[in-house]
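Peer 1: After the sequence you'll find the predicted model.
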There are 2 protein chains.
Amino acid sequence: MARKTGLSIATISKFLNGGHVLGPNRSAIEDAIQELGYRVNEAARGLKTNRTLTVGVLIPRLENIFCTSIVAHVENILNQSGYGTIICDYQENPKLEREKLEFLVNKNVDALLYMPLYGEASAVEAILKQEIPVILLDRPIAGLSCDMVLVDNLNASYRAIEELVVRGHRQIGVISGPTSIFTAQERFKGYRRVLEDYAVEFDESLVKYGDYQIDSGFRLMTEFLHQNPRPTAVFVSNYEMTLGAVMAINEAQVKVPTELSLIGFDNLQMAKVVKPTLAIVVQPMELIGETSATLLLKRLRGDREGFPAMFRLKTEFLHGDSITGPSRTP
Amino acid sequence: MARKTGLSIATISKFLNGGHVLGPNRSAIEDAIQELGYRVNEAARGLKTNRTLTVGVLIPRLENIFCTSIVAHVENILNQSGYGTIICDYQENPKLEREKLEFLVNKNVDALLYMPLYGEASAVEAILKQEIPVILLDRPIAGLSCDMVLVDNLNASYRAIEELVVRGHRQIGVISGPTSIFTAQERFKGYRRVLEDYAVEFDESLVKYGDYQIDSGFRLMTEFLHQNPRPTAVFVSNYEMTLGAVMAINEAQVKVPTELSLIGFDNLQMAKVVKPTLAIVVQPMELIGETSATLLLKRLRGDREGFPAMFRLKTEFLHGDSITGPSRTP
DNA sequence: TTGTAGGCGTTATCAA
DNA sequence: TTGATAACGCCTACAA
């Protein structure tokens, strides 16, 4: 490259970084770039500058639309600011979770967006100590002081369950997520709190724990439908399980909402399209992405104001035709 | 690090790469690693060795479960061989597609797995020229000689449509994908070929073009249901649109298969769970991932045997209760 | 505006 | 087995 143009490496470097060079030299360089198919070696540049203009994104599972939907919005914003993203998933595997976290740090990312599952505080603290900003997505890590963007899961389910109680339901089933997952715990707390606030007795048999996948939504809803007495309403606490639950209801030919009231979770698109239209809790994926990306850019600028920042974004309750009062007295 | 142990950096480097060092030195280094929280700088290493042990993965859209499902399987295999993956999506945006491709190459990935949409042959050729193996996923690029792992889309839909024709259907609707996408073209060709082979007249009004999203599946199926004459059977050519189509059918309370036979696409999980069980074409996501990862590892070993290799993986047709003969004569 | 020279953290070569 | 040293490709004073 230097030989080709007869210029020094320094001059070329300047040109590459937007410095001024004389017209003829300028075009000589441009020609050489074309001919030689030259491209800067980001590794070398990163080695020197200690910046890669890249942020790492670590999520539990690629096939989970909640995760990827957030990531898509994050990417949008970061790209606009010249940052690229390296996305990794750990397939909800604790060992992989550690390894991928390490992998990203070793890739010299400038910052990290991390949706943890089994995450350990010490691992993240080690990263923060290296001056690499980390933002936790959707779930905190116990004992860790760190920026995070969460959803108000408790009030999300509170609002949904309250809707059912107000309409007279007393036997409200809930298809909960794994107790190991923070969001599932919170959503379940919301359920408990409504019962408490409205003095409705808690009945263990009305709680079923799934794994946030379609299958378990189908299976657990089927169980509810065959249960005696059958709950008059069911709240399903994530998207995949909602999908399964709806299918179980179709299969059993149970009429919604006359025989059973139903509230689902996430995915507006599906709720509008199903019949009857589904009442759902909608998480603000776009806002989560936007909020975390914006906060990340701020940290990247070296602005540590308000650390550790915690956002708790509100969900929205969407009315639908899938709920009404109970059809029979308990 | 060198100061801390009193050894030379050369010795330390050897240790890090599995070379033999004397016992006391060995433990001195290990201690220092702990204390200083030392980790190798992959950028520097990559600069020197020209290998990053990382492969780039570029897909059209993160929210597409077909893409992510393949990627998940790919990751599994590559991880086992010590390779990490950098996943990027381009949101089906031609400009982003170019940029992200460049981004990955600039990250010095050792190889590339690429599911193209608007991809240009010249861009990929430039990469291949740099000795970076590229494997095309699911779709070829016109005029490009390159390893690829495809699905036999034509026979996939042929098999499905044939099933309908054999049962006596003559008015078979098809909800096709965007004509710009290779797989959609192929699947449509399969439809045409069956009609030809069985001397069934082609009727333009029985073809509707969606965008591979839930919405359009819902909308186009609704159109079919209100169409006069209504097709006696409909084939939906991808998963998202199948989901929408099923919902449209539920909403219209059309009985399957008595009033309408239906064949969907992908996602076994859903097909089993819907009622009546759905006949579907299943793509071998796991095999696609496995095949491409294995081929990639081979290329990474420097083995160029059979280049350009082309795999055309077979889909499976899964019988379900959603098809029967036509209920009325055309 | 351009060139010189030193250094970023590794690995590889060659002596010791 | 160890150490000194020269790259790897780039950036950045500083000097010309």
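Peer 2: Thanks, I have it.
Peer 1: Between the two ends of stretch A:78-90, what distance do you get?
Peer 2: Start-to-end span of stretch A:78-90 (Cα to Cα, to the nearest Å) is 22 Å.
Peer 1: can you give me the helices in the stretch 101-250 of chain A?
Peer 2: Taking DSSP state H, counting those that start in this stretch as the criterion, the stretch 101-250 of chain A contains helices spanning A:121-129, A:153-166, A:182-197, A:214-226, A:239-252.
Peer 1: In the fourth one, which residues are buried?
Peer 2: It stands for helix A:214-226. A:214, A:216-222, A:224-225 (16 or more other Cβ atoms under 10 Å in any protein chain shown). Just so you know, the C-beta spots here come from the backbone N, C-alpha and C atoms, and that holds for glycine as well.
Peer 1: swap in the third one?
Peer 2: Residues of helix A:182-197 classed as buried by neighbour count (16+ other Cβ under 10 Å): A:182-188, A:190-195.
Peer 1: ok, the residues you listed vs B:Lys14, which is closest?
Peer 2: A:Phe182 (44.4 Å; Cβ to Cβ).
Peer 1: The closest one reaches A:Pro140, doesn't it?
Peer 2: Yes: the pair A:Phe182 and A:Pro140 qualifies as a contact (Cβ atoms under 8 Å) at a distance of 6.5 Å.
Peer 1: ok, for A:Pro229, nearest residue in space, not its chain neighbours?
Peer 2: Once flanking residues are discounted, A:Pro229 sits nearest to A:Gln171: 6.5 Å by Cβ to Cβ, 6 or more residues apart in numbering or on different chains.
Peer 1: Also A:Ile141?
Peer 2: Using Cβ to Cβ, 6+ apart and skipping residues adjacent in sequence, the residue nearest A:Ile141 is A:Gly119, 4.6 Å away.
Peer 1: ok, the one you found - how many residues close by?
Peer 2: 23 (other Cβ atoms under 10 Å in any protein chain shown).
Peer 1: and it, what does it touch?
Peer 2: By Cβ atoms under 8 Å, 6 or more residues apart in numbering or on different chains, the residues touching A:Gly119 are A:97, A:101, A:141, A:144.
Peer 1: Check the gap between it and B:Asp266 for me.
Peer 2: A:Gly119 sits 32 Å away from B:Asp266, going by Cβ to Cβ, to the nearest Å.
Peer 1: Can you tell me how far A:Val109 is from DNA strand C?
Peer 2: Going from A:Val109 to DNA strand C by Cβ to the nearest atom of the strand, to the nearest Å gives 16 Å.
Peer 1: quick one: that residue and A:Gly56 touch, right?
Peer 2: Yes: the pair A:Val109 / A:Gly56 is scored as a contact, 3.8 Å apart, by Cβ under 8 Å.
Peer 1: Check what pLDDT A:Glu196 gets.
Peer 2: Predicted confidence (pLDDT) for A:Glu196: 98.
Peer 1: er, A:Arg328 actually
Peer 2: You'll see A:Arg328 listed with a pLDDT of 56.
Peer 1: now whatever helix or strand A:Gly46 lives in against helix B:42-49, angle please.
Peer 2: A:Gly46 belongs to helix A:42-49 when elements are defined using DSSP states H and E. Counting by axes from the mean of the first three to the mean of the last three Cα atoms, to 10 degrees, helix A:42-49 lies at 130 degrees to helix B:42-49.
Peer 1: Give the burial count for the residue nearest to A:Pro229, as a bare number.
Peer 2: Using other Cβ under 10 Å as the criterion, the residues surrounding A:Gln171 number 20.
Peer 1: now swap in A:Glu120 and tell me
Peer 2: Neighbour count of A:Glu120, defined by other Cβ under 10 Å: 17.
Peer 1: separation between the closest residue to it other than its chain neighbours and DNA strand C?
Peer 2: Excluding the flanking residues, the one nearest A:Glu120 by Cβ to Cβ, 6+ apart is A:Ile141, at 7.1 Å. Applying Cβ to the nearest atom of the strand, the value for A:Ile141 to DNA strand C is 27 Å.
Peer 1: Chain A against DNA strand C: which residues are in contact?
Peer 2: A:6-11, A:14, A:19-22, A:25, A:44, A:47-48 (Cβ under 7 Å from any atom of the strand).
Peer 1: from the residues you listed, which has minimum pLDDT?
Peer 2: A:Gly19 (85).
Peer 1: if I look at it, how far off is A:Tyr38?
Peer 2: Distance of A:Gly19 to A:Tyr38, computed by Cβ to Cβ: 17 Å.
Peer 1: These two: who's more crowded?
Peer 2: Neighbours per residue (other Cβ under 10 Å) separate A:Gly19 from A:Tyr38, with A:Tyr38 holding more: 14 against 11.
Peer 1: Kindly indicate which of the buried residues of helix A:182-197 lies nearest DNA strand C.
Peer 2: Each of those was scored against DNA strand C by Cβ to the nearest atom of the strand, and A:Phe182 proved nearest at 35.0 Å.
Peer 1: show me the contacts for that closest one.
Peer 2: Taking Cβ under 8 Å, 6+ apart as the definition, contacts of A:Phe182 comprise A:138-140.
Peer 1: With pLDDT added, can I get those in a markdown table?
Peer 2: A markdown table is the format used below for these (pLDDT from 0 to 100):
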| residue | pLDDT |
| --- | --- |
| A:Asp138 | 97 |
| A:Arg139 | 96 |
| A:Pro140 | 97 |
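Peer 1: Could you pull up the contacting residues of the residue nearest the centre of chain A?
Peer 2: What sits nearest the mean C-alpha location of chain A, by Cα atoms, centre = their mean, is A:Cys67, with 3.9 Å. A:Cys67 is in contact with A:59-61, A:89, A:115, counting by Cβ under 8 Å, 6+ apart.
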